[in-house]
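# no sequence on this one, just coordinates:
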DNA sequence: TTTCTAATTAATAATGATTACGATTTACCT
DNA sequence: AGGTAAATCGTAATCATTATTAATTAGAAA
């Protein structure tokens, strides 16, 4: 996902183009790490000292619902990053030091077989945590 | 994990036997669902109206650190349940209606192969969410 | 370009989960 | 039974997140 794609999606869904929104998206476009609402706010307030949490959270929710951002829970806090470009389903390794991610091309659901008969599966989560080569 | 095992572990590590601790453990021993701190407190306060959050959280942390309870994050809240008896590594299906779990005998790490060379893997999370046959 | 209106934002308060702290009580060792 | 460290209580503080209301702004229409 890049800036242009993100704005196309936003426009298609009737969202207005604001400088705050654009800067949030730029931040994500230039950072492959997972960021928290606070991370965002801290950076944004350098350019927009009046930026408020409401704006951050509202836009994060919008972006996630439109598939522009993806979200995960790390040590009790919500983290966000730009949706991967990959067109096929995959999962992530997450570096607990620098926050960078690496795509894992496999999905455990493939080897589930008949392990859950009569169960209705809604979704699943598979993540690997550790240190990337640079941080090791 | 059952009550006796839990107390053995606690005693081995120098923890005292208190009625609060025992009731928390009994609750978990009789409930296969994941429970939140609030769930616990609500039930406990019927017998011990003076029970405080501090006691609940302190004991939950103790139990998790000793491997008596296991913990996961569900919709932004910490949830706890008795550690499984199974001796071999496994994962969980979690019913989003009733909270009951079912063990999944497979681990995605098995099919990882050389997908993460030079990465240091610390841990991983694999959970499946949906509805169990009873709730469907 | 000006005007209008709904979307967006700012400022701040409220909420809910979790943690912290000083005072009191309790388990358990001798 | 007495001493002591652990455990608990009562309550306040903290942190992330959500809600509220008033002011501002983007984009459409005149």
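In hand now; what should we look at? Because the structure is a prediction, the values reported are computed rather than measured. Residues are numbered from 1 along each chain as shown, chains lettered A, B, ... in the order given.

# sticking with residue A:94, tell me its helix or strand.
Take DSSP states H and E as the rule and residue A:94 turns out to sit in strand A:91-95.

# close to chain B, is that strand?
Yes. Counting by CB under 8 Å from any CB of the partner chain, chain B has neighbours in strand A:91-95: A:91, A:93. Just so you know, the C-beta spots here come from the backbone N, C-alpha and C atoms, and that holds for glycine as well.

# list the buried ones in the helix or strand following that strand?
Later in the chain than strand A:91-95, the nearest helix or strand by DSSP H and E is strand A:101-104. For strand A:101-104, a neighbour-count test (16 or more other CB atoms under 10 Å in any protein chain shown) marks A:101-102, A:104 as buried.

# which helices and strands does strand A:101-104 pack with?
When contacts are defined as 3 or more CB pairs under 8 Å, 6 or more residues apart in numbering or on different chains; DSSP states H and E, strand A:101-104 sits against strand A:91-95.

# hmm, 10 Å instead?
Judged by 3 or more CB pairs under 10 Å, 6 or more residues apart in numbering or on different chains; DSSP states H and E, strand A:101-104 is in contact with strand A:91-95, strand A:120-131.

# in a markdown table, list those along with mean neighbour count and distance to residue A:108.
Formatted as a markdown table, the helices and strands packed on strand A:101-104 follow (neighbours: other CB atoms under 10 Å in any protein chain shown; distance: least, CB to CB, whole Å):
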| stretch | mean neighbour count | distance to residue A:108 |
| --- | --- | --- |
| strand A:91-95 | 21 | 8 |
| strand A:120-131 | 16 | 5 |
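
# for those strands, give me CSV that also has mean pLDDT and distance to residue B:116.
What follows is the helices and strands packed on strand A:101-104, written out as CSV (pLDDT from 0 to 100; distance: least, CB to CB, whole Å):
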stretch, mean pLDDT, distance to residue B:116
strand A:91-95, 95, 6
strand A:120-131, 95, 7
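
# got the buried residues for whichever helix in chain A runs longest?
As assigned by DSSP state H, the longest helix anywhere in chain A is helix A:53-65. Across helix A:53-65, burial judged by 16+ other CB under 10 Å covers A:55-56, A:59-60, A:62-63.

# closest one of these to residue A:9?
Closest to residue A:9 out of those is residue A:63 (9.0 Å), distances taken as CB to CB.

# so how far is residue B:122 from the closest residue to that closest one other than its chain neighbours?
The shortest distance from residue A:63 to any non-neighbouring residue, by CB to CB, 6 or more residues apart in numbering or on different chains, is to residue A:69 (4.1 Å). The gap separating residue A:69 from residue B:122 is 25 Å, by CB to CB, to the nearest Å.

# residue A:68 now?
From residue A:68 to residue B:122 the distance is 30 Å (CB to CB).
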